[in-house]
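# Here you go, sequence then predicted model.
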Amino acid sequence: MGNQAVFAPDSQAISTLYTVTASTSVKDLAGNAMASDYQFSYTTAGAANNAPVLSWASANCLTEGVRPRTGAVNADFEFRVKYSDAENQCPTYIRVTVNSFNL
């Protein structure tokens, strides 16, 4: 590619420091070697931006996360879910939509 070298690793671990060294064995088209080694380091990014996971929270609720399971119209109920995020980021907002349906 003209006057540049391209460094393109196949795969790398997340949040990892890597050091690259181009040694004096690197030569230009005329056969001239580099005067000294050239070294640089970089750190890969953290975990990929994975979607968060919602799962039923079972503390004091039925396995479905709803208590009570049945009740009167307009009665209060408790709905629990557990929010898990691989990057340990808090959500910027939470929207809950409750749809009514008949079984």
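Right, received. Where do you want to start? Note that the structure is a prediction, hence the values are computed from the model and not measured.
# I figured Phe7 was touching Val20, is that so?
Yes. In this structure, Phe7 is within contact of Val20 by C-beta atoms under 8 Å, at 6.1 Å. To be clear about C-beta, it is placed using only N, CA and C from the backbone, and glycine gets the same treatment.
# so where do the helices sit in the chain?
With DSSP state H as the criterion, the chain has no helices.
# Please parse it into its domains.
Per the record, the chain has its domains at 1-46, 48-103, by automatic domain parsing.
# which of those domains has the lowest average pLDDT?
Lowest mean pLDDT within the domains of the chain: domain 48-103, a mean of 67.
# now the strands: where do they sit in the chain?
17-22, 38-43, 53-56, 66-67, 78-79, 81-84 (DSSP state E).
# So which of those strands is the most surrounded?
strand 66-67 (a mean of 14; mean count of other C-beta atoms under 10 Å).
# Against Leu17, how distant is the nearest residue to Thr16 once chain neighbours are set aside?
Leaving out its chain neighbours, the residue that sits closest to Thr16 by C-beta to C-beta, 6 or more residues apart in numbering is Thr44, at 5.2 Å. Look at Thr44 and Leu17: by C-beta to C-beta, to the nearest Å, they are 8 Å apart.
# now do Ala75
For Ala75, the distance to Leu17 equals 56 Å [C-beta to C-beta].
# Asp28 now?
Using C-beta to C-beta, Asp28 is found at 30 Å from Leu17.
# rewinding a little: just list the residues touching the residue nearest to Thr16, thanks.
If you count contacts by C-beta atoms under 8 Å, 6 or more residues apart in numbering, Thr44 has them with 12-16, 18.
# buried stuff in stretch 23-43?
Of the residues in stretch 23-43, none count as buried by neighbour count, 16 or more other C-beta atoms under 10 Å.
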